[in-house]
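Peer 1: dropping a prediction and its sequence here:
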Protein chains: 2
Amino acid sequence: MNLLKEKIIEHGRVIGNDILKVDSFLNHQLDIDILNEIGKEFKKRFENSKIDKIITAEVSGIAIATIAAQYFNVPVVFAKKTESKNLDSETYEGEVFSYTKDKMYKIRISKRYINSGENILIIDDFLANGQAILGLKEIVDKANANLVGVGIVIEKGFQDGGKLLREAGINIESLAIVDSMSEGQIIFR
Amino acid sequence: MNLLKEKIIEHGRVIGNDILKVDSFLNHQLDIDILNEIGKEFKKRFENSKIDKIITAEVSGIAIATIAAQYFNVPVVFAKKTESKNLDSETYEGEVFSYTKDKMYKIRISKRYINSGENILIIDDFLANGQAILGLKEIVDKANANLVGVGIVIEKGFQDGGKLLREAGINIESLAIVDSMSEGQIIFR
């Protein structure tokens, strides 16, 4: 998706060899026009699949999934990271290992909002080590729903999440795959 | 906004005298059609105001603000609750008192994404005690930006946030004001 790659080149900030900051348009400030182009592209990539619902994990997947859902005409459900009195006690849980914090945390979706047999598309902003996607897949599996595919805005191709998930047979569509960011230069696959 | 009130009556679940669960359409599962109607209504309520940017706080304001931003043709910035390596070190901070957790926490927006003189609309899902809105207002004030108004989907009229903010001269537009929920019956103002 060339428009996205141009946006990343123009506005992305590389810190060290592995942090790509796109907070000017994707996950802090949100550029609604590029989110709509991303949504249309996800629809194109999955246009032959039956999708009943889009799921994502809080926080940074929410805006992307919500805009994309307009092109699929389906609801979104976002998995929650914290227990609260606003979340039902009956939930499907997925475990996510955080490399940055070196510990497991749980994400949860109320059993009311993901049903057996539903065709699920997962959408998220980044794919790096793949742990968040595995946590969401665990929720889909526990609900006996059907994971149709995963739509990712930016895949860090130099980390092993993409390989891990593709080898597990998951249909991943990444709109931009960054193969290297050494010396501040972004190289796309 | 009658459509919203009907949706709350039909799908809202009252727990005790003060918890209104609308997680089937507003803050866990997201009904994209009602979010669009909410966005259009916010545009109508603020159509005579110049708005340059919409801000909200993570998590549950994000989807609502993002859909609404399509009708204002402006970007969204969401304030973050956690410090992370993905957030700039130079931020404007607002303090929020949480009654449920009985402690203060901070919300932050990068100084890059809110500018002096910008006309800001705050959007959030609920207004109860008003503390989250005060935290966002603190950020707007520190940035020397101009708070044009606050758009709220559901105001709990039996808590004191609305009164507090209106007495402070803030222009609040709430699409549904719930005055009472005793014995499970929702009474709108």
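Peer 2: Happy to help now that I have it.
Peer 1: mind listing what the residue lying closest to residue A:56 once chain neighbours are set aside touches?
Peer 2: Distances taken as Cβ to Cβ, 6 or more residues apart in numbering or on different chains put residue A:65 closest to residue A:56, at 4.1 Å, once the chain neighbours are dropped. Placement of C-beta: from N, CA and C, glycine included. Neighbouring residues of residue A:65 by Cβ atoms under 8 Å, 6 or more residues apart in numbering or on different chains: A:54-56, A:76, A:78, A:123.
Peer 1: take these and keep only those in strands.
Peer 2: Secondary structure of the contacts of residue A:65 is defined by DSSP state E; positions in strands are A:54-56, A:76, A:78, A:123.
Peer 1: out of those residues, who's nearest chain B?
Peer 2: Distance to chain B across the ones in strands among the contacts of residue A:65 (Cβ to the nearest Cβ) is lowest for residue A:76, with 4.3 Å.
Peer 1: quick check: the closest residue to the closest one other than its chain neighbours vs residue A:62, distance?
Peer 2: Leaving aside its sequence neighbours, residue A:76 sits nearest to residue B:30 (Cβ to Cβ, 6+ apart; 4.3 Å). Distance from residue B:30 to residue A:62, counting by Cβ to Cβ, to the nearest Å: 8 Å.
Peer 1: and of the contacts of residue A:65, the nearest to residue A:140?
Peer 2: Residue A:140 lies nearest to residue A:55 out of those, by Cβ to Cβ, at 7.3 Å.
Peer 1: am I right that the closest one is in contact with residue A:138?
Peer 2: No. Using Cβ atoms under 8 Å, residue A:55 makes no contact with residue A:138, being 11.7 Å away.
Peer 1: close to chain B: what parts of chain A are there?
Peer 2: Contacts of chain A with chain B, taken as Cβ under 8 Å from any Cβ of the partner chain, map to A:15, A:19, A:21, A:23-24, A:27-32, A:35-36, A:58-59, A:62-63, A:66-67, A:69-70, A:73-78, A:80, A:85-88, A:100, A:109-110, A:112-113.
Peer 1: just the buried ones from those residues?
Peer 2: A:21, A:23-24, A:27-32, A:35, A:58-59, A:62-63, A:66-67, A:69-70, A:74-78, A:80, A:86-87, A:109-110, A:113 (16 or more other Cβ atoms under 10 Å in any protein chain shown).
Peer 1: my read is residue A:135 is in a helix, agree?
Peer 2: Yes. Counting by DSSP: H, G, I helix; E, B strand; the rest coil, residue A:135 falls inside a helix.
Peer 1: which pLDDT value goes with it?
Peer 2: pLDDT recorded at residue A:135 is 97.
Peer 1: ok, back up a step: tell me which of residue A:55 and residue A:138 has more neighbours.
Peer 2: Taking other Cβ atoms under 10 Å in any protein chain shown, residue A:55 and residue A:138 do not tie; residue A:55 has more neighbours (29 against 17).
Peer 1: quickly note the distance from that one to residue A:77.
Peer 2: Going from residue A:55 to residue A:77 by Cβ to Cβ gives 5 Å.
Peer 1: identify the contacts common to these two.
Peer 2: Counting by Cβ under 8 Å, 6+ apart, the contacts common to residue A:55 and residue A:77 are A:109, A:114.
Peer 1: distance of the residue nearest the centre of chain A relative to chain B?
Peer 2: For chain A, the residue nearest the mean C-alpha position is residue A:124 (1.3 Å; Cα atoms, centre = their mean). For residue A:124, the distance to chain B equals 14 Å [Cβ to the nearest Cβ, to the nearest Å].
Peer 1: check contacts around that residue.
Peer 2: Applying Cβ under 8 Å, 6+ apart, the residues near residue A:124 are A:56-57, A:60-61, A:64, A:132-133, A:136, A:150-153.
Peer 1: cool, residue A:12 as well?
Peer 2: A:20-22, A:186.
Peer 1: can you do 6 Å?
Peer 2: When contacts are counted by Cβ atoms under 6 Å, 6 or more residues apart in numbering or on different chains, residue A:12 is found next to A:20, A:22.
Peer 1: next, it: phi, psi?
Peer 2: Per-residue torsions, residue A:12: phi -70, psi 150 (degrees, to the nearest 10).
Peer 1: for residue A:176, same thing?
Peer 2: Dihedral angles (degrees, to the nearest 10) for residue A:176: phi -150, psi 130.
Peer 1: ok, it - how many residues close by?
Peer 2: Neighbours of residue A:176 under the rule other Cβ under 10 Å: 24.
Peer 1: that one contacts residue A:3, doesn't it?
Peer 2: No. Between residue A:176 and residue A:3 there is no contact under Cβ atoms under 6 Å: 9.9 Å.
Peer 1: what about the nearest residue to the residue nearest to the centre of chain A once chain neighbours are set aside, how many residues nearby?
Peer 2: Closest residue to residue A:124 apart from its sequence neighbours, by Cβ to Cβ, 6+ apart: residue A:61 at 4.4 Å. Counted by other Cβ under 10 Å, the residues lying close to residue A:61 total 28.
Peer 1: residue contacts, residue A:61?
Peer 2: Shown in contact with residue A:61 (Cβ under 6 Å, 6+ apart): A:123-125.
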